[in-house]
Structures are given as structure tokens and as C-alpha cells.
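>>> Turn this into a model:
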Amino acid sequence: MKYGDAVRVEFIDLADAGSQEEYADVARLVEERDLLYPLVAVDGQLRVAGSAHYYRVLPLVEEKLAAEPVS
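Below you'll find the predicted structure:
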């Protein structure tokens, strides 16, 4: 892995009933703003809607890691 333990990737399927309940605020935001799936969040902040392509997400991860160096 390029970043080892410094980065954690988590997939949450909002089609799953349990996830819909747990992430109801996210589902509501998607509906209110007419966003497209997939959504990408970095440190809990929504950064991309409609794409989870590696080359779209990588700069966001690198930006975050540069702002908060891992020791």
C-alpha cells in the first residue's frame, strides 16, 4: 500500500437498509442537493459527488496528508 496505515478506505452502500438508517443525514443531503453517487468524503467532509475514480480521489488524499503529516 502506498500510504499504509495513514489512509483508511471505507465503502458504505446506501442501498443497504442498515446504512440508510445510520447515514440518514447523508442520504437526505444527496436528495436535497440532487447529488450523484458515489460520494467521496475525506475526514468526514464531502469532497466529490458522482465519481470515485482513483485520479480524482488521490489528490484529495495527498492534500490532506500534506496538511497533516503522519509521524
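
>>> which secondary structure elements does the strand or helix carrying residue 20 contact?
Assessed by DSSP states H and E, residue 20 sits inside helix 17-22. For helix 17-22, there is no helix or strand it packs on, judged by 3 or more C-beta pairs under 8 Å, 6 or more residues apart in numbering; DSSP states H and E. Every residue, glycine included, has its C-beta placed from N, CA and C.

>>> what's the distance between the helix or strand immediately after it in the chain and the middle of its chain?
Next helix or strand after helix 17-22 toward the C-terminus (DSSP H and E): helix 24-33. Using C-alpha atoms, centre = their mean, to the nearest Å, the mean C-alpha position of helix 24-33 is found 14 Å from that of the whole chain.

>>> for stretch 39-57, same thing?
5 Å.

>>> what mean pLDDT does the helix holding residue 20 have?
Mean pLDDT, helix 17-22: 91.

>>> how about the CA coordinates for that helix, as CSV?
Taking Å, rounded to 0.1, in the frame of the first residue of the first chain, the C-alpha atoms of helix 17-22 are listed here in CSV:
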residue,chain,number,x,y,z
ALA,A,17,-31.2,-0.6,4.9
GLY,A,18,-28.8,-0.5,7.9
SER,A,19,-26.6,2.1,6.2
GLN,A,20,-29.7,4.1,5.2
GLU,A,21,-30.5,4.4,8.9
GLU,A,22,-27.0,5.1,10.1
